[in-house]
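1. I'll drop the sequence and a predicted model, then ask my questions.
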Amino acid sequence: MNQIVECVPNISEGRDQAKIDSVLEAIKRTGAIVLSAEAEATYNRTVITIVGDPETIVDGAFACIRAATSMIDMQQHQGEHPRMGAADVVPFVPVKGVTMADCARLARKLGRRVGDQIGIPVYLYGEAARRPERTNLAKVRKGQYEGLLEKLSDPEWTPDFGPAKFVPASGATAIGARQFLIAYNVNLATEDVGFANTIAKTLRESGYKKDGERIPGLFQAVKGMGFALEVPGRKLAQVSMNLVNYKVTNMHVVYDKIVELAAEKDVQVTGSEIVGLLPLVALAESGRHYGGADLDDAAAVRAAAEGLGLADLAPFDPDEKVLEYLIAKRL
């Protein structure tokens, strides 16, 4: 395949496997290749990664949105993660033979199709945004599903495509184009979500407000929040982050800082998890940080898994997490 585009739809269903499977089947029927689908029950959310050529990937993304909006009722949805729609976020990412501008065009093409044929509000974000204030996904999603009715009545938040009306069962969808993003969570051996959130505010680029003044965070290209996480036999607090440019701030940088900040409060970091896929170069860089600069890629991946505690919640299989490995296996 001379041109490869990745698309990472996030749907607001992480508990009903039958519904998730139905969405995946709808995607597969278009010819798009499903590389991974990671459901998270506490967040009630599934991150799906698909690849294909430019035309096929748009069909796959459209099938995903149509299936998700037909099966997920946002009026009944509860979950920890911010969201505003059944098919919450649908970004395109250039992988091979395509540019960011190409992905922005695909996002707009999909947005128009979703607005016209499914009839839900669509906001463009990231590199596909038509207005500067909509570049940041967090601003687009501010107020979440519960605030969408009021948002749609504001002329400043007229959707880019679709009706400017509230569709209770489906909410709205954000469609965009962006660079590779690593969804990365660090686990704390405490149920104190406030502490996890304090760490997230300390790290994230946007920082936090204190006495009316904005205090910048420690790291650029990091977004983060604290969440509660319950897994069989364990209740944890999690520093949940999006590393929007791993070349600026990579996983080992934030992981080591969280270990340091947690230790100041006698809290143990038990490990971390990567949600979705990531590029080999990012994981290998973290591995060489822990294991030495002369490691080859395979050894560096093993060192990263150990150094970052990536098997804390589930076995870590690089063949199922590294984008290049999966593409080589599936194409």
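-> Good, I have the coordinates. Residues are numbered from 1 along each chain as shown.

2. Can you get me a residue count around the residue lying closest to V89 once chain neighbours are set aside?
-> Excluding the flanking residues, the one nearest V89 by CB to CB, 6 or more residues apart in numbering is N10, at 4.5 Å. All C-beta atoms are positioned from the backbone trio N, CA, C, and that covers glycine. Residues lying near N10 (other CB atoms under 10 Å) number 23.

3. Could you pull up the contacting residues of N10?
-> Residues near N10 by CB atoms under 8 Å, 6 or more residues apart in numbering: R45, T46, V47, I48, R83, D88, V89, V90.

4. Determine which two of those are furthest apart.
-> I48 and R83 (14.5 Å; CB to CB).

5. At which residues are the strands of the chain located?
-> Assigned by DSSP state E, the strands in the chain fall at 4-7, 10-11, 33-40, 45-52, 87-96, 122-126, 173-177, 182-188, 208-210, 213-215, 222-231, 234-243, 269-275.

6. F316 against G307, yeah?
-> No - counting by CB atoms under 8 Å, F316 stays clear of G307, with 11.7 Å between them.

7. how far out from the middle of the chain is stretch 121-135?
-> Between the centre of stretch 121-135 and the centre of its chain there are 17 Å (CA atoms, centre = their mean, to the nearest Å).

8. Pull out the buried residues from it.
-> Under the neighbour-count criterion of 16 or more other CB atoms under 10 Å, stretch 121-135 has P121, V122, Y123, L124, Y125, G126, E127, A128, A129, R134, T135 buried.

9. Please apply the same query to stretch 207-219.
-> G217, F219.

10. Could you do stretch 224-240 as well?
-> If you call a residue buried by 16+ other CB under 10 Å, then stretch 224-240 has these buried ones: G224, M225, G226, F227, L229, L236, A237, Q238, V239, S240.

11. Lowest mean pLDDT among the helices and strands of this structure, which one is it?
-> The weakest-scoring helix or strand in the chain, judged by mean pLDDT, DSSP states H and E, is helix 323-330 (a mean of 90).

12. how about the CA coordinates for it, as CSV?
-> Extracted in CSV, the C-alpha atoms of helix 323-330 (Å, rounded to 0.1, in the frame of the first residue of the first chain):
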residue,chain,number,x,y,z
LEU,A,323,2.2,0.5,15.0
GLU,A,324,5.0,-0.6,12.7
TYR,A,325,4.8,-4.2,14.0
LEU,A,326,1.1,-4.4,13.5
ILE,A,327,1.0,-2.9,10.0
ALA,A,328,3.7,-5.3,8.9
LYS,A,329,1.7,-8.2,10.2
ARG,A,330,-1.7,-7.1,8.9
